[in-house]
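J.: Following is a predicted model, sequence given first.
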Amino acid sequence: MSRIRLLVGTTKGAFILTSDGRREEWDVNGPYFGGWEMYHVKGSPADPDRIWASQSTGWFGQVVQRSEDGGKTWNPVGNEFSYEGGTSTHQWYDGTPHPWEFARVWHFEPSPGDPDTLYAGVEDAALFKSSDGGGSWQELAGLRKQDSGPQWQPGAGGMCLHTIVLHPTNPDVMLVAISAAGVFRSDDAGATWRPANKGLRSEQIPNPEAEVGHCVHRIAIHSSRPDVLYMQKHWDVMRSDDCGLSWREVSGDLPTDFGFAIDVHAQDPDTVYVVPIKSDSEHFPPEGRLRVYRSRSGGNEWEPLTKGLPQDNCYVNVLREAMSVDSLDPCGVYFGTTGGQVYASADEGDSWAPVVRDLPRVLSVEAQTIP
């Protein structure tokens, strides 16, 4: 029977939660790197024993850690991230020039078939690639040097490249999402890029339909239907049916269309999950009720999933990296909260149970299915 491993990054260390295929009882191990912010912990789909972790503090900066034994032991690897032509600038909040400065790794995206190929999205927004398992890094500088690059500005959490989408059948096609610049697409394996924000509208910026400047929170894809993408934006849940070339809103009957996390059911590409929060200034569930919403029709029609979730006086948030699904049948769905809870559903979201309640603020949750 397959096992499930949850890789959890928090503000004070990483945790690894494991269970068998029934997903009823869980072992909790950690913290690894206690006291450090672990922005993202991600396993290789090509090698279940290999895991990467983004470790960061204000004192010692950014460290990339790698495990070759499923998280039992760790070693720092390739921590040289250098912008090409790093003296160029982008815009800051007030529109003044600001130099590109490396702060941290927000997101790892490993190749589905090659355990040595790994991409990293960083702050300030740039895309890096490693071909030796994280031992060394090279910037795919065509993204940052794209014509609109000097006009990019940070979102409230910084100017971070937080989502990397690798097309499952066409290795030349890649997409990234940047807060607060928008979506960009490459059709030549990352050499050149173009904005992919047609259909996005953001009332908070001077030109609501501008080519760049949109605060995208997260993009999700299903490997069996890669031309269909789902987006949770700073206001609006969106869908693309042409791999990001155009977008349309599918917020439908959600109680609010603001949120951070979004993911797609492992077997059914029409089933999508989001966790709405009240607004961009009140980052907690509407009415203090923690509800995951599920659409079985690819958007527009949504149902609240509440069984096992707190429905009174709950004021936590679910961050952009903090939701994941496993590949078992029925599909397991998981999310972590800023209150330190990690919830699991072994029945596609119909019912939920806490795996652990009192972790530090959860930054990321990644589910691995282990043979």
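T.: Cool, the structure landed.

J.: Show the contacting residues for the residue nearest in space to the middle of the chain.
T.: For the chain, the residue nearest the mean C-alpha position is E321 (3.6 Å; C-alpha atoms, centre = their mean). By C-beta atoms under 8 Å, 6 or more residues apart in numbering, E321 lies in contact with G9, Y39, H40, W106, H107, H162, R218, A261, L363, S364, V365, E366. Glycine gets a C-beta too; all of them are placed from N, C-alpha and C.

J.: following whichever helix or strand the fourth one is part of, which helix or strand comes up?
T.: For W106, the host element (DSSP states H and E) is strand 104-110. Along the chain past strand 104-110, the next helix or strand (assigned with DSSP H and E) turns out to be strand 118-123.

J.: tilt between that following strand and strand 104-110?
T.: 160 degrees (axes from the mean of the first three to the mean of the last three C-alpha atoms, to 10 degrees).

J.: distance between strand 118-123 and the chain's centre?
T.: 11 Å (C-alpha atoms, centre = their mean, to the nearest Å).

J.: counting contacts, what elements does it pack onto?
T.: With contacts taken as 3 or more C-beta pairs under 8 Å, 6 or more residues apart in numbering; DSSP states H and E, strand 118-123 sits against strand 104-110, strand 126-130, strand 160-166.

J.: what pairs with the strand holding W106, and is each one parallel or antiparallel?
T.: Applying DSSP bridges, strand 104-110 is found paired with strand 118-123 (antiparallel).

J.: Restrict the strand it pairs with to CA atoms and write it as PDB.
T.: Provided in PDB are the C-alpha atoms of strand 118-123 (Å, rounded to 0.1, in the frame of the first residue of the first chain):
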ATOM      1  CA  LEU A 118      15.000  21.800 -10.400                       C
ATOM      2  CA  TYR A 119      13.700  25.400 -10.800                       C
ATOM      3  CA  ALA A 120      13.500  28.000  -8.100                       C
ATOM      4  CA  GLY A 121      11.400  31.200  -8.000                       C
ATOM      5  CA  VAL A 122      12.900  33.900  -5.800                       C
ATOM      6  CA  GLU A 123      12.400  37.400  -4.400                       C
END
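
J.: Now do it against strand 126-130, angle only.
T.: Using the same axes, to 10 degrees: strand 118-123 against strand 126-130 is 150 degrees.

J.: who touches strand 118-123?
T.: 44, 52, 54, 64, 81, 102-111, 127-130, 133-134, 137, 158-164, 166, 176.

J.: rewinding a little: quick one: the residue nearest to the centre of the chain from I205, how far?
T.: Distance from E321 to I205, counting by C-beta to C-beta, to the nearest Å: 24 Å.

J.: Give me the mean pLDDT for stretch 225-236.
T.: Averaged over stretch 225-236, pLDDT sits at 97.

J.: Just list the residues touching W52, thanks.
T.: V41, K42, G43, S44, V64, Q65, R66, S67, F108, P110, L118, G134 are the contacts of W52 under C-beta under 8 Å, 6+ apart.

J.: Does it lie in a helix or a strand, and which?
T.: Going by DSSP H and E, W52 is part of strand 47-57.

J.: What would that strand look like as PDB? C-alpha coordinates only.
T.: What follows is strand 47-57, C-alpha atoms only, in PDB (Å, rounded to 0.1, in the frame of the first residue of the first chain):
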ATOM      1  CA  ASP A  47      12.900  10.300  -6.700                       C
ATOM      2  CA  PRO A  48      10.800  10.000  -3.500                       C
ATOM      3  CA  ASP A  49      13.900  10.100  -1.300                       C
ATOM      4  CA  ARG A  50      15.000  13.500  -2.500                       C
ATOM      5  CA  ILE A  51      13.600  16.600  -0.900                       C
ATOM      6  CA  TRP A  52      14.600  20.300  -1.000                       C
ATOM      7  CA  ALA A  53      13.900  23.000   1.600                       C
ATOM      8  CA  SER A  54      14.100  26.800   1.400                       C
ATOM      9  CA  GLN A  55      15.600  27.900   4.800                       C
ATOM     10  CA  SER A  56      15.900  31.600   5.600                       C
ATOM     11  CA  THR A  57      16.500  34.000   8.400                       C
END
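
J.: buried sites along whichever helix or strand comes after that strand?
T.: Downstream of strand 47-57, the next assigned helix or strand under DSSP H and E is strand 61-67. Residues of strand 61-67 classed as buried: Q62, V63, V64, Q65, R66, S67 (neighbour count, 16 or more other C-beta atoms under 10 Å).

J.: Check what pLDDT Y315 gets.
T.: The model's pLDDT for Y315 equals 98.

J.: That should have said S246, apologies.
T.: So S246 comes in at 98 (pLDDT).

J.: and what of Q204?
T.: So, for Q204, pLDDT stands at 85.

J.: do F60 as well
T.: 82.

J.: That one: neighbour count?
T.: By the criterion of other C-beta atoms under 10 Å, F60 has 9 neighbours.

J.: What about it? Give its phi and psi, please.
T.: With angles defined as degrees, to the nearest 10, F60 sits at phi -120, psi 0.

J.: any idea how far it lies from G35?
T.: F60 sits 11 Å away from G35, taking C-beta to C-beta as the criterion.

J.: where do the strands sit along the stretch 201-350 of the chain?
T.: In the stretch 201-350 of the chain, the segments counted as strands under DSSP state E, counting those that start in this stretch are 216-221, 229-233, 237-240, 248-249, 259-264, 272-276, 292-295, 303-305, 323-325, 333-336, 342-345.

J.: Provide a list of residues in contact with H217.
T.: The neighbours of H217, taking C-beta under 8 Å, 6+ apart as the test, are H162, A177, S179, M231, Q232, K233, H234, G259, F260, A261, I262, R320.

J.: which among the contacts of W52 gets closest to P154?
T.: Taking C-beta to C-beta as the measure, P154 sits nearest to F108 out of the contacts of W52, at 20.9 Å.

J.: I figured that closest one hits S54, correct?
T.: Yes - in terms of C-beta atoms under 8 Å, F108 counts as a neighbour of S54; the distance is 6.7 Å.
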